[in-house]
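In: coords please:
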Amino acid sequence: MAGLAGCNSLSGGGGGSQNFPNEDIRMICPWAEGGGTDQTGRQLASGLSETWDVDAYVENQTGGTGSVGFNAIANAEPDGYTVGVLTVEITTISHLGIADVNHEDVKPVMQYNFDPAALTVHEDAPYSTLGEFIDYANDNPGEISVSNSGPGGIWHLSAVGFAQEAGIELEHVGYDGGAPATQAVVNGEVEATTSSAPEVLGQVEDGPLTTLAVFGEERVDIMPDVPTLQEQDVDFTMGAWRGLGVPNDTPDDVIDQLYEGYYDVYESDDFQSWMQESGFGLVHRDIEEFGDFMQQSYESFDEITDNVDV
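Out: Presented below is the predicted three-dimensional model:
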């Protein structure tokens with residue numbers, strides 16, 4: 001299978017179990033139920049349960065901009081039966097002083113997703129385009145509150161970076177995940193939210209929200225009519241990624257087997273179709289590639305987070 005070259009040299013440790021897996025696989029999600037990370041994690045768990053003769057299930061451990069869940073992953077028994085759903089925040093929150101946990105506290109298994117941020121507002125807001133949003137923010141500094149999935153998280157950083165590039169002042173409000181952050185706009189608690197497009201899609205298609213821009217280099221398939229920031233003269237891009245990791249002392253051969261199992265799910269028609277229909281971007285990196293990618297992400301956010309208060 002592609003992607004296994006160099007795995008043992010990266011994952012370190014030894015031992016393992018020739019009987020693996022023979023117990024249920026617990027997948028810790030650091031974000032709230034209903035958000036994009038939870039949704040994709042549950043789809044992977046469902047696929048793994050069908051692939052292997054064991055049950056895989058998701059357990060949500062939220063709080064601290066993902067740090068509660070990340071610490072739970074890092075401190076779990078390193079036997080392969082606890083797998084963490086990792087997000088970009090594991091490479092940002094230590095820079096921000098939120099928690100002393102980062103990508104070096106876990107071992108990579110696989111990356112499976114990348115999604116650009118999206119700016120979404122209530123349809124009754126006094127702005128229906130990005131230009132009108134920026135003009136309103138310029139005329140009313142700090143009056144627009146923007147929800148995110150947690151202070152210092154990627155959606156918070158996306159909103160901060162966008163505001164800096166656009167030259168506007170926004171108020172940032174953190175929630176424990178994308179779902180409650182989206183609901184806050186629906187309820188009128190805040191005026192806007194930054195999240196991935198799939199996390200707001202239901203409320204945009206069938207509810208009272210509208211998306212003004214996506215923060216990627218290209219439009220997203222599930223919102224083909226929504227322009228990018230760059231199309232609207234704001235030169236800024238940012239997004240989130242999701243992957244899988246395990247505690248540091250997990251044996252080499254167990255990590256390899258986990259990669260093989262999850263890669264089989266990733267390549268399956270069911271998973272590919274579900275991700276595409278749900279609007280989640282498919283990106284695959286194997287054990288070694290994902291480890292390198294997290295290190296690069298960590299280094300890049302060292303500078304970005306210098307001007308962020310949490």
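In: would you check that residue 124 makes contact with residue 210?
Out: No - with contact defined as Cβ atoms under 8 Å, residue 124 does not count as touching residue 210 (9.6 Å). Where you see a C-beta, it was placed from the backbone N, CA and C, and this is true even at glycine.
In: neighbour count for these two, which is higher?
Out: The neighbour comparison of residue 124 against residue 210 (other Cβ atoms under 10 Å) goes to residue 210, with 18 against 10.
In: what's across from the more buried one in the sheet?
Out: Residue 210 forms beta bridges with residue 121, as assigned by DSSP bridges.
In: next: the one 4 residues further on.
Out: Counting by DSSP bridges, residue 214 forms beta bridges with residue 118, residue 228.
In: how about the contacts made by it?
Out: Shown in contact with residue 214 (Cβ atoms under 8 Å, 6 or more residues apart in numbering): 116, 117, 118, 119, 197, 220, 223, 226, 227, 228, 229.
In: let's go with 6 Å and repeat that
Out: By Cβ atoms under 6 Å, 6 or more residues apart in numbering, residue 214 lies in contact with 116, 118, 220, 226, 228.
In: turn those residues into a markdown table, including pLDDT and distance to residue 279.
Out: Below are the contacts of residue 214 laid out as a markdown table (pLDDT from 0 to 100; distance: Cβ to Cβ, whole Å):
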| residue | pLDDT | distance to residue 279 |
| --- | --- | --- |
| 116 | 93 | 11 |
| 118 | 97 | 10 |
| 220 | 92 | 6 |
| 226 | 97 | 11 |
| 228 | 97 | 15 |
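In: now do the helices in the stretch 1-150 of the chain.
Out: 7-11, 36-51, 67-74, 130-139 (DSSP state H, counting those that start in this stretch).
In: quickly list the domain ranges of the protein.
Out: 24-114+240-307, 120-232 (automatic domain parsing).
In: top of the contacts of residue 214 by number of neighbours, please.
Out: When neighbours are counted by other Cβ under 10 Å, residue 118 leads the contacts of residue 214 with 30 neighbours.
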